[in-house]
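# missing the sequence, but the structure's below:
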């Protein structure tokens, strides 16, 4: 395999050829070379010299201010290694070096959430496919192990894997799943019926599966949150009790009222992360909507995990520890809350700074009526006491505050309400995945940024340097999670890690983006004095042949969730042939393709078809999580839009 030569190697080679050429081009020992031979040697010298000089790096010639994607910063304090990441729900996984060059990529046939590099050099990842566009239906998912060459080693479909997964020391796979409970089951468990919809609830479910074949696995241990509930709403139920006296149990009615304000009220806990500690034999869980971290005992049998006894802790499957929001167990107020819709809580591994502590990406919002407005990374020291955790009666679990926190100098400059994560590195720095912005950066303990990279892979493929991506105004480049691996990682030994080209494309002409109408043009023109047909999180206007969406005090996060737009026709026969069976038209769209942000005002325009419309239903949703807001407009017909 050809290898690009370093600058010192090129200089040494040129020196040797100059010396050889000098000897050959002069007479020596009475012998004289023919002019044809001298000419041939000169041609050979020039050709070898030119082909040995590495091509100029187009990224190196650009200042950070001129870049939109790829590597922005790589200082000497950065930890030198290889970063594994992919666009969220993309189909390509990348391993890049600290210069932003691809050393390996895996192209798969299915959508990927994120991947982990195993010690055997394989990848562990989840793949998912959505059979339809219903945001309330689970996609088809499985956990796959993939070798260095992209071949599927194993495929496990036990449970309904989502959000997180890992390989355990015993070779089994630990995955996050969920169990659906009918409205009848939920009410029978003591839930307030006022907040229970026709979809019931989904409860966190953790599964340990043993791989039994290339396409098979079996459950060997499991835990369900549904087995550890308490409620103080219905005294006639067996799990009725005083919530404040049982912090090891989960309050069934906590957050039901708030969850009911969202369309995805069934997912009232919304677990989004797991981790395993082999030394403690414990599992960590991230219940996002509770804004907490939970820890449970894994040393139990499955039967013990369903009860309150057994295991190293003697507590069965009850919660050993919880932190972040003491309101969830009646031990504090809103002022005591420290986590807000967190992601990726995990124990810092042995051998690293802060080993045994818990590192958490703290997103910042909670529910739409309560926003902190900025993100942070928190490191806490849990009050470990053998196989249990210290707790004084009547107070919240320690610690009172994190031992380390990262925020931006201006906190609101670092904010993402969903996805993201963090990783402690061997040099003591922390790698942060700023998911919604598709940005991965490394900070020192003092908070200095020493490495920064923006994902160039978007929903439309890799962009050219100079083109916008993600929150900058281009196609989405979300990164769910990223990991940095040391050069001596066992999974990288003996493999070809020769760097190639960066992911982003380069051209001599920097593209420009033009807009036919500015936000101020819309506000002062067609929308001036107009009345919206829908008022919700966004105002929706009907202007000639288009729907115009407007939001004031708008941030990029407000514009990020996908818009749904469903149209009921006066005559179903007017629909495109592939939509007639459904009875309505689907014009879902992304803001990045149809919108503008100017100051704090967002405007999006969606042209309507030319058939007569009976009703409009629209709003925003997050696939797999549900609707954020919705509104509708009904009229007899509209043929002169």
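Happy to help now that I have it. Small disclaimer: the values here were computed from a predicted structure and weren't measured.

# in the stretch 101-250 of the chain, which spans are helices?
Using DSSP state H, counting those that start in this stretch, the helices of the stretch 101-250 of the chain run over residues 183-188.

# before we move on, what about the chain?
7-24, 35-52, 183-188, 256-259, 302-305, 519-524, 556-559, 591-594 (DSSP state H).

# thought residue 634 was touching residue 617?
No. Between residue 634 and residue 617 there is no contact under CB atoms under 8 Å: 9.2 Å. To be clear about C-beta, it is placed using only N, CA and C from the backbone, and glycine gets the same treatment.

# who has more neighbours out of those two?
Neighbours around residue 634 and residue 617, counted as other CB atoms under 10 Å, are more numerous at residue 617. The numbers are 16 against 11.

# can you pull the domain assignment for the chain?
7-52, 64-492, 519-634 (automatic domain parsing).

# could you pull out the buried residues of stretch 427-443?
Neighbour-count burial for stretch 427-443 flags 427, 429-443 (criterion: 16 or more other CB atoms under 10 Å).

# with respect to residue 288, which of the residues you listed is nearest?
Among these, residue 435 lies closest to residue 288 (CB to CB), at 13.4 Å.

# give the contact list for the closest one.
88, 343, 416, 418-421, 478-481 (CB atoms under 8 Å, 6 or more residues apart in numbering).

# let's go with 7 Å and repeat that
416, 419-420, 478-480 (CB atoms under 7 Å, 6 or more residues apart in numbering).

# nearest to residue 384, of those residues?
In terms of CB to CB, no member of the contacts of residue 435 lies closer to residue 384 than residue 420, at 26.4 Å.

# surely the closest one is in contact with residue 362?
No. Counting by CB atoms under 7 Å, residue 420 does not reach residue 362; the two are 9.4 Å apart.

# ok, and the closest non-adjacent residue to residue 177?
Counting by CB to CB, 6 or more residues apart in numbering, residue 177 lies nearest to residue 159, which is 3.2 Å off, once chain neighbours are set aside.

# also residue 532?
Using CB to CB, 6+ apart, the closest residue to residue 532 is residue 539 (4.0 Å).

# and if you look at residue 163?
The shortest distance from residue 163 to any residue other than its chain neighbours is 4.7 Å, reached at residue 272 (CB to CB, 6+ apart).

# how far away is the one you found from residue 303?
27 Å (CB to CB, to the nearest Å).

# which one's more surrounded, the two?
residue 272 (25 against 10).

# where's the more buried one relative to residue 90, distance?
From residue 272 to residue 90 the distance is 19 Å (CB to CB).

# go on, residue 229?
38 Å.

# tell me the centre residue of the protein?
Most central residue of the chain, judged by C-alpha distance to the mean C-alpha position with CA atoms, centre = their mean, is residue 480 at 1.6 Å.

# these two touch, right, that residue and residue 418?
No. Using CB under 7 Å, residue 480 is not in contact with residue 418, being 9.4 Å away.

# and stretch 183-201, what's its mean pLDDT?
Taken as a whole, stretch 183-201 has an average pLDDT of 95.

# i'd like the first residue to be 323 from this point on
With the count now opening at 323, the last piece we talked about shows up as stretch 505-523.

# strands - which of the buried residues of stretch 749-765 land there?
Per DSSP state E, strands hold the following members of the buried residues of stretch 749-765: 752-756, 761-765.

# tell me the one of those nearest residue 695?
Out of these, the member with the shortest distance to residue 695 (by CB to CB) is residue 756, at 15.5 Å.

# residues touching stretch 440-447, excluding its own?
Here stretch 440-447 has contacts from 415, 428, 434, 436-439, 465-470, 475, 487, 489, 812-813, 817, using CB under 7 Å, 6+ apart.

# gap between the two ends of that stretch?
One end of stretch 440-447 to the other measures 10 Å (CA to CA, to the nearest Å).

# identify the residues contacting the residue nearest to residue 760 when sequence neighbours are not counted.
Ranked by CB to CB, 6+ apart and with sequence neighbours excluded, the top spatial neighbour of residue 760 is residue 799, at 3.4 Å. By CB under 7 Å, 6+ apart, residue 799 lies in contact with 409, 760, 777, 779-780, 791-792.

# what about the stretch 773-922 of the chain, any weak spots by pLDDT?
Counting by pLDDT under 70, the stretch 773-922 of the chain has low-confidence residues at 793-796, 829-839, 846-848, 850, 866.

# same question for the stretch 523-672 of the chain.
In the stretch 523-672 of the chain (pLDDT under 70), the answer is 583-587.
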